[in-house]
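Q: Okay, sequence plus prediction incoming.
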Amino acid sequence: TFAIGAPRLSAATMKRDGSVSVTVEVRNTGTRAGDEVVQLYISRRIASVTQPVLQLKGFERVTLQPGEARSIRFDLPAETFAIWDANMREIVEAGEVELRVGNSSASLKSALLTIV
């Protein structure tokens, strides 16, 4: 069994041409060595065009011994948050984006990023 902590952002805000890092701690809470896959999703609160509820933007497999913990880091450049607007231009819109991490889309913890 594994415990996945809440995501920690390198900054709460990001410029539209900037980047942000997301760090999450994963701990093996079981009695045997094992692998876990940490998944990173984004979810926009508001956008000018309809967006998926969740978008998978990264994942990483980690092997841990019993009781071992490791921090996983995802570096997200501005392009990670780009959408196609109504004029079919790829843009990074200002607004709030939830960054969610977990071992499946049904079990996620989140942090809020504001793009300015």
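A: That came through fine.
Q: distance of the residue nearest the centre of the chain from Val101?
A: Residue closest to the mean C-alpha point of the chain, counted by CA atoms, centre = their mean, is Leu40 at 3.5 Å. Counting by CB to CB, to the nearest Å, the gap from Leu40 to Val101 is 5 Å. The way it works is simple: take the backbone N, C-alpha and C, and place the C-beta from them, glycine included.
Q: what is in contact with those two at once?
A: Applying CB atoms under 8 Å, 6 or more residues apart in numbering, one finds that Leu40 and Val101 are jointly contacted by Pro7, Val22.
Q: Pull the number of nearby residues for Arg8.
A: Arg8: 15 surrounding residues under other CB atoms under 10 Å.
Q: Wait, it touches Thr23, no?
A: Yes. With contact defined as CB atoms under 8 Å, Arg8 reaches Thr23; the gap is 4.8 Å.
Q: Which parts of this protein are strands?
A: 2-4, 8-9, 13-14, 19-28, 34-44, 55-64, 69-77, 83-84, 90-91, 95-104, 107-115 (DSSP state E).
Q: So which elements touch the fourth one?
A: Other elements packing on strand 19-28 under the criterion 3 or more CB pairs under 8 Å, 6 or more residues apart in numbering; DSSP states H and E are strand 2-4, strand 8-9, strand 34-44, strand 55-64, strand 69-77, strand 95-104.
Q: distance between the third one and the chain's centre?
A: On the basis of CA atoms, centre = their mean, to the nearest Å, strand 34-44 sits 7 Å off its chain's mean C-alpha point.
Q: Pull up the pairing partners for it, direction included.
A: The partner list of strand 34-44 in its sheet, established with DSSP bridges, is strand 55-64 (antiparallel), strand 95-104 (antiparallel).
Q: Of those strands, which is nearest Glu79?
A: Each of the strands paired with strand 34-44 was scored for nearness to Glu79 using CB to CB, and the closest is strand 55-64 (10.3 Å).
Q: between the closest one and strand 19-28, what angle do the directions make?
A: 40 degrees (axes from the mean of the first three to the mean of the last three CA atoms, to 10 degrees).
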